[in-house]
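> Provided below for reference: sequence and predicted model.
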Amino acid sequence: MKKTALNAIHRELGGHMIEFADHELPVKYSSINEEHRTVRAKVGLFDLTHMGEFRVRGSGALEFVNRLVTNDVSALKNGQVLYTPMCYPDGGIVDDLLVYRFGDVNILLVVNGACVAKDWEWVTEHASNELGLTNESDETTLIAVQGPLAEEVIRSVTDIPLEPISFYEFATGRIAGVDDLLLSRTGYTGEDGFEIYVPDPHAEAVWRALWPKTVELGGCPIGLGARDTLRLEMKYCLYGNDIDQTTNPYEAGLGWTVKLDKGDFIGHDALVGVKEQKPKRRLICFEMLDRGIARQHAECYADGEQIGCVTSGTMSPSLDRAIGLAYLSSSHRRSGTEFEILVRGKRRRAVVVKPPFYKEGTRK
């Protein structure tokens, strides 16, 4: 297991450490529910160093990245961030990632931690020799500050003007005494927040600089457990659960990220076919009507026949009811449709609901 540059701090704060994406990371510090509610009401600090960072430089960098992904990178202005899937030729999803456009010849890709190795292989396999590709994952710490009070915490450690940074935009500057750090208004929680990319040698100093204001505002450190419940309440997909190589963006509800008219990209022709034929299944949100929490792989039924499978499920700390995501046949995708889920050997009633589950977040 890799240890992040913040490992000693996690242990100092009482983090319960587990292995995740080849890293030793805290699943929680106190209580997942308590940490979750703190982010919804106040602010929390996350160590997301398991995420991967690939730098693409050189003439043709913009065109190369645009061919890799389904969304339109050319539509970005410098200083903007784009969410997008990256697909195989058959339309299956390699990963979902963020694209940071510094300019035509300097682009940063941020990929999921569990996918770093295969994503790097995929990206380098399709790159020309003229491009400069650098895997910065093992030298970069990613700290997230999330919650309605996140801006106050960030303001306490930087002179970077924050108001001009809109959602999915970024700036660079001095943070906690460290120059040229990347600060983006992005996150995986549904709340306002920022993510800071820090060279490993400066990671501990930056976290400790953020800590006093976080505590003053009633915030706390947040583990992987609350990160998962926060993203699920917003119907943010998790690679390996809700999307993977066997799913395509249209059936996952990510059709808005597929720009078929931007020109050729990997998976284009297959996705044209999917759109024309319409997906046979859809990723839906559900709430349990009966007692029980439906977990990943639980089978879904209607009229005695299996109609799908659960991909993610939990007890929502914000709503105090069991929720989840599932792929169901398209005929059962509409809000209000009732079906059954096999939970611990018994079929329990559930109902399709509109996303997101949590509707009071600063970001939806």
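Sure, I can see it.
> use CA for all of it now, contacts and neighbours both
OK.
> would you mark the buried spots in whichever strand or helix holds H36?
Assigned by DSSP states H and E, H36 belongs to helix 32-41. If you call a residue buried by 16 or more other C-alpha atoms under 10 Å, then helix 32-41 has these buried ones: 32-33, 35-40.
> give the rounded mean pLDDT of that helix.
In this model, helix 32-41 has a mean pLDDT of 98.
> one more: stretch 309-322?
98.
> you'd agree W207 is in a strand?
No: using DSSP: H, G, I helix; E, B strand; the rest coil, the secondary structure at W207 is helix, not a strand.
> which one is it nearest to, not counting chain neighbours?
Nearest-residue entry for W207: I143, 7.6 Å, with adjacent residues in sequence omitted and distances by C-alpha to C-alpha, 6 or more residues apart in numbering.
> okay, now V215: neighbour count?
The tally of other residues near V215 (other C-alpha atoms under 10 Å) stands at 14.
> check which helices and strands the helix or strand hosting it sits against.
Of the helices and strands defined by DSSP H and E, V215 is found in helix 203-216. In terms of contacts (3 or more C-alpha pairs under 8 Å, 6 or more residues apart in numbering; DSSP states H and E), helix 203-216 is packed against helix 150-155.
> now do the contacts for R295.
Contacts for R295 (C-alpha atoms under 8 Å, 6 or more residues apart in numbering) come out as 310-314, 324, 343.
> ok, back up a step: could you point out which element follows the helix holding H36?
strand 44-47.
> where does the prediction get shaky in this protein?
Under the criterion of pLDDT under 70, the regions of the chain flagged as low confidence span 364.
> the domain parsing of it - what is it?
Taking automatic domain parsing as the domain assignment, the record places the domains of the chain at 2-48+139-233, 280-364.
> any chance of the ones you listed in TSV, plus distance to I266?
As requested, these are arranged in TSV below (distance: least, C-alpha to C-alpha, whole Å):
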stretch	distance to I266
domain 2-48+139-233	24
domain 280-364	22
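> how close does the closest residue to D96 other than its chain neighbours sit to G253?
Beyond its immediate neighbours in the sequence, the residue positioned closest to D96 (C-alpha to C-alpha, 6+ apart) is P85, lying 4.1 Å away. When C-alpha to C-alpha, to the nearest Å is the yardstick, P85 and G253 sit 12 Å from each other.
> between those two, which one's more packed in?
Set P85 next to G253 and count neighbours by other C-alpha under 10 Å: P85 wins out with 22 against 14.
> show me the contacts for the more buried one.
Contacts of P85 were listed using C-alpha under 8 Å, 6+ apart, and they are 69-71, 93-97, 249, 257.
> now C285, nearest residue through space, not along the chain?
Excluding the flanking residues, the one nearest C285 by C-alpha to C-alpha, 6+ apart is L325, at 4.7 Å.
> again but with R227, I slipped
The nearest residue in space to R227 (C-alpha to C-alpha, 6+ apart) is T189, at 7.0 Å.
> does that neighbour touch C237 like I think?
No: in this structure T189 lies outside contact range of C237 using C-alpha atoms under 8 Å: 11.5 Å.
> looking at those two, which is more packed in?
Set T189 next to C237 and count neighbours by other C-alpha under 10 Å: T189 wins out with 27 against 21.
> hang on, that one in a helix?
No: inclusion of T189 in a helix is not indicated when three-state DSSP is applied; the result is coil.
> and the gap between it and P199?
When C-alpha to C-alpha is the yardstick, T189 and P199 sit 24 Å from each other.
> tell me the one of the contacts of R295 nearest V215?
Using C-alpha to C-alpha, T314 is the member of the contacts of R295 that lies nearest V215, at 28.0 Å.
> enumerate every residue touching that closest one.
For T314, the contact set (C-alpha under 8 Å, 6+ apart) comprises 229, 293-295, 322-324.
> hey, what's it bridged with?
I323 (DSSP bridges).
> excluding its backbone neighbours, what's nearest L260?
Setting aside the residues directly before and after it, L260 is nearest to H268 in space (C-alpha to C-alpha, 6+ apart), at 6.6 Å.
> now do the phi/psi pair for that neighbour.
Reported as degrees, to the nearest 10, the phi and psi values for H268 are phi -50, psi -50.
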